[in-house]
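# what follows is a predicted protein model with its sequence.
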Amino acid sequence: MTDSEKRRWEKTRAKGRTHFVIFEGILRRGILLGVIATSFVCLLGRSTRTFRTPFWLWASGCAFTSVMSGLAIGRLFWRLMEREYQKQPGDAQIVHPITRVIPRPRARLLTFTCWLVVYLWAWLALFVIGLVLVAWLHWPYLALAFFFFFFPVAYLELALAFFLRCPSCNRFILIQTFRRLHPQARVVRGVGGWAAIVVDVVRRRQFTCMYCGAPCVLESHT
C-alpha cells in the first residue's frame, strides 16, 4: 500500500469489520445481487407455472440473499485489504518503465480467464432479454440457460482469478479491491480497472497493472 492508501484504510479499519461488511458488502453490493437473483427465480417460477410468489416472500428472499451475499463479499474484501495492509509498508507509487513478461503457462491461464469474463458479459446482456421473455412471453428457456451456463462459469472465473498475480507487485490482476488505482492504469472506452485489463488481454495480449502501473505482456505461443 502507498502512504495515502494506508491512511485511508486505517480510517476505514478503525470503524471495525462489522461496519465495513454492512456498508461495503451488504448495502453497496449485496442488495443488487439479492434483487437480481430473487427476481430471476420468481420470474422463472411464474413462467413455468410451477409456483407464484407473493410479495412478502419475494421481499424475504431478497433480504436473505442480499445479507448472505453481502456478508460473503464484505468479509472477502476485508481479508484482502487486511492482508495488503499487514504485508507491505507504505511506499510511494512507482512508475515501472520495464515491461514485465507473463510466462506462457500463466499467460494461457490469464487469457482463458479473460475470455471467460467476455463469455459472462455476453450472458449478462442476454439476461435482460431473458427477463422479458420470461415475464411477458412465458418462455423460460433462455432464463434456464442463463441459470445453468452463467453461475458455474462465474464461480470458475472467480476461482481462477485468485491464481493470477502481477509479476511486479504480486497483487491480483483481475480482482479489484477498494484501493485507489494507479495513475498509469488504463481506461478503455470509459471503462477502467479489471475490465480494462480484460479488454487489453483479449485484444492486445498485454495490459497495465491497475495497482502498480507496471506494463505487462503475455509471452507468445510461438
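Ah, there it is.
# show me where the chain has its helices.
Using DSSP state H, the helices found in the chain span residues 3-14, 17-20, 31-48, 55-87, 104-135, 141-161, 194-204.
# distance from the chain centre to the second one, please.
Same thing as helix 17-20. 20 Å (Cα atoms, centre = their mean, to the nearest Å).
# helices and strands around that helix, which ones?
helix 55-87 (3 or more Cβ pairs under 8 Å, 6 or more residues apart in numbering; DSSP states H and E). Where you see a C-beta, it was placed from the backbone N, CA and C, and this is true even at glycine.
# which strands or helices does the helix it packs on pack on?
helix 3-14, helix 17-20, helix 31-48.
# circling back to that earlier point, CSV for the helices of the chain, including mean neighbour count, distance to Arg180 and mean pLDDT?
Listed next are the helices of the chain as CSV, based on neighbours: other Cβ atoms under 10 Å; distance: least, Cβ to Cβ, whole Å; pLDDT from 0 to 100:
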stretch, mean neighbour count, distance to Arg180, mean pLDDT
helix 3-14, 14, 6, 79
helix 17-20, 14, 17, 87
helix 31-48, 17, 23, 68
helix 55-87, 16, 12, 78
helix 104-135, 16, 23, 81
helix 141-161, 15, 20, 78
helix 194-204, 18, 14, 92
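# closest to His182 out of the ones you listed?
Evaluated over those, closeness to His182 peaks at helix 3-14, with 10.6 Å, by Cβ to Cβ.
# what angle do that closest one and helix 55-87 make?
Using axes from the mean of the first three to the mean of the last three Cα atoms, to 10 degrees, one finds that helix 3-14 and helix 55-87 are set 130 degrees apart in direction.
# just the CA coordinates of helix 3-14, formatted as PDB?
Listed next in PDB are the C-alpha coordinates belonging to helix 3-14 (Å, rounded to 0.1, in the frame of the first residue of the first chain):
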ATOM      1  CA  ASP A   3       1.100   6.000   2.400                       C
ATOM      2  CA  SER A   4      -2.200   7.600   1.300                       C
ATOM      3  CA  GLU A   5      -3.900   4.200   0.800                       C
ATOM      4  CA  LYS A   6      -2.600   3.100   4.200                       C
ATOM      5  CA  ARG A   7      -4.000   6.200   5.900                       C
ATOM      6  CA  ARG A   8      -7.400   5.700   4.100                       C
ATOM      7  CA  TRP A   9      -7.600   2.100   5.100                       C
ATOM      8  CA  GLU A  10      -6.700   2.900   8.700                       C
ATOM      9  CA  LYS A  11      -9.700   5.200   8.900                       C
ATOM     10  CA  THR A  12     -12.000   2.500   7.500                       C
ATOM     11  CA  ARG A  13     -10.400  -0.100   9.700                       C
ATOM     12  CA  ALA A  14     -10.900   2.000  12.800                       C
END
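# nearest the middle, which residue of the protein would you pick?
Nearest to the mean C-alpha position of the chain, counting by Cα atoms, centre = their mean, stands Ile175 at 6.1 Å.
# what sits against that one?
Ile175 is in contact with 80, 161-162, 194, counting by Cβ atoms under 8 Å, 6 or more residues apart in numbering.
# cool, Val35 as well?
62, 66.
# repeat for Ala122
Contacts of Ala122 (Cβ under 8 Å, 6+ apart): none.
# any idea how far it lies from Val153?
11 Å (Cβ to Cβ, to the nearest Å).
# distance to Pro183 added to the helices of the chain, as JSON lines?
Formatted as JSON lines, the helices of the chain follow (distance: least, Cβ to Cβ, whole Å):
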{"stretch": "helix 3-14", "distance to Pro183": "12"}
{"stretch": "helix 17-20", "distance to Pro183": "26"}
{"stretch": "helix 31-48", "distance to Pro183": "29"}
{"stretch": "helix 55-87", "distance to Pro183": "19"}
{"stretch": "helix 104-135", "distance to Pro183": "23"}
{"stretch": "helix 141-161", "distance to Pro183": "24"}
{"stretch": "helix 194-204", "distance to Pro183": "14"}
